[in-house]
Each structure stands twice: as C-alpha cells, then as structure tokens.
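**Q** structural data only, the sequence is not supplied:
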C-alpha cells in the first residue's frame, strides 16, 4: 500500500468508527476517558459529556434531572449508538427506581438506547455467576451500594470503603493496593469481588486479582465496556479484539 492510500485508510478509520458510545460522567472524573480509549477495540468511538452528577453537595436523582438531560442532549448531537449514565454511586443510590428514572430520562431526551453503570454491573455479576461478593470502593461508605445489590438479590459478605475525600484521592489508590485489599478482605464464601467506582485504577487490577484469588472480578468501567461491546457486537464484528480485562471479557468470545 502506498503512502497516500495508507493515509486515506487512516483518515477513514478516524472519521468512520463502526460503533459509538456516549458516556455521561461526573465532572471530576479523570480516569474513565483514558481507560476507555485505551481498552476499547478498534472501530469503537468513545464520546464523553461531563455533568455535576456526583460528590457534594449530594443531590437526589430528581434534582439532577436537568443536568443529566443536558449532558445527554449534547451526546445525542454526536449520534452514539448507546448512551450510558456512567456513575456507579449515583445510579445505585436510589435503588432500581432511581436507576430506571435516569435511564428513562436519557432515552426520552435523546431517543437513543440508554443504560447505566448500575444496570451493567448487575448484568456482569449475573454473567459471572456471582451471588455472594466482597465490595471494595474508595467511597466514604458502601451503604448505598450494598442496599442496591441486596435489593437485586446479591449478598455482600464483606465490604471496605476507603473513605477517600477527593477525586484525586480516588485516583491515587494504585492497582497494587486494590490487589492487596482484595487479598486482605476476601472471604471463603464469596463467589467474586466487585470493585466499585468509575474514577479509579481498579480496572488495571482486575486480571491480577483474579489470578491471585481464583475468583471472578467485576469493576464499574470494565462492566460498562463489556456491556456496550456485547450490545454492539453486530456493528463491531465478531473478530473484534477483546481487551484483557479478566473473565468477564471472555464472555464476549462465547
């Protein structure tokens, strides 16, 4: 292939992705974009809109309605195939009802298929056969996460919230530390580990934790990428490269 043809091929790949996803992320989140762009297979475009949808002062889903609708509307301009409300805590804190109201709002605003981190984490845990789990997070408390999971039929046998007070503190916890926390807090009765949060290095620890514990691991960013790839398989093609992010991603090859 000559240089001109190669350049034309590269331009076509950049301008014509085979599939597109839009993510609504908390305005303080600095990890999701680089992680998704790093792990996404060729041909998948990642678009992001920021909103003040997490942190303090904490607001209800109803109070966040205008913020979510505005972010969804800006993403719709880019014509993604899916829009995901991508904040674990906010999508879980009011249970299945709050989750549904967020998803319905996005779909009503844009006409585009909508998902949430909570719904995709739920799907991922079930796909891996996890019913009893350990929850690890950087949050002040895991109470809302445990309440959501319990209502969905899961049993949390142990949980650790690191009580990080800023987004920068979330990011500062290393993959090695997440591995250590999983090893220190695993329980024999646990089927797997849930690493909860979208603004962390947790995704880089998934494979190492699975090797160390011999149990499946779900992380918020990993679960959302998996759920989107699963739904966009027809557009991306069966030969898409599957990122090395633990057992969950092998489900895409089944």
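**A** Sure thing, it's come through. Not measured: the values here are computed from a predicted model.
**Q** helix/strand/coil for residue 83?
**A** The three-state assignment at residue 83 reads strand, by DSSP: H, G, I helix; E, B strand; the rest coil.
**Q** sorry, wrong one. I was asking about residue 20.
**A** Put simply, residue 20 is strand when judged by three-state DSSP.
**Q** where's it relative to residue 64, distance?
**A** 24 Å (CB to CB, to the nearest Å). No exception for glycine: its C-beta is placed from N, CA and C like everyone else's.
**Q** now do residue 21
**A** Here residue 21 is placed at a distance of 21 Å from residue 64 (CB to CB).
**Q** which one's more surrounded, the two?
**A** More crowded of residue 21 and residue 64, by other CB atoms under 10 Å: residue 21, with 27 against 23.
**Q** quick one: that one and residue 86 touch, right?
**A** No: judged on CB atoms under 8 Å, residue 21 makes no contact with residue 86 at a distance of 9.6 Å.
**Q** quick one: contacts for the closest residue to residue 61 other than its chain neighbours?
**A** Spatial nearest neighbour of residue 61, excluding adjacent residues (CB to CB, 6 or more residues apart in numbering): residue 98 at 4.5 Å. For residue 98, the contacting residues are 61, 91-92, by CB atoms under 8 Å, 6 or more residues apart in numbering.
**Q** same question for residue 169.
**A** Contacts were defined as CB under 8 Å, 6+ apart; by that measure residue 169 touches residue 138.
**Q** in which helix or strand does it reside?
**A** helix 167-172 (DSSP states H and E).
**Q** after that helix comes which helix or strand?
**A** Using DSSP H and E, the helix or strand that follows helix 167-172 towards the C-terminus is helix 175-185.
**Q** ok, the residue sitting nearest the centre point of the chain to residue 189 distance?
**A** Ranked by distance to the mean C-alpha position of the chain (CA atoms, centre = their mean), the top residue is residue 221 at 2.9 Å. In this view, residue 221 and residue 189 are 27 Å apart by CB to CB.
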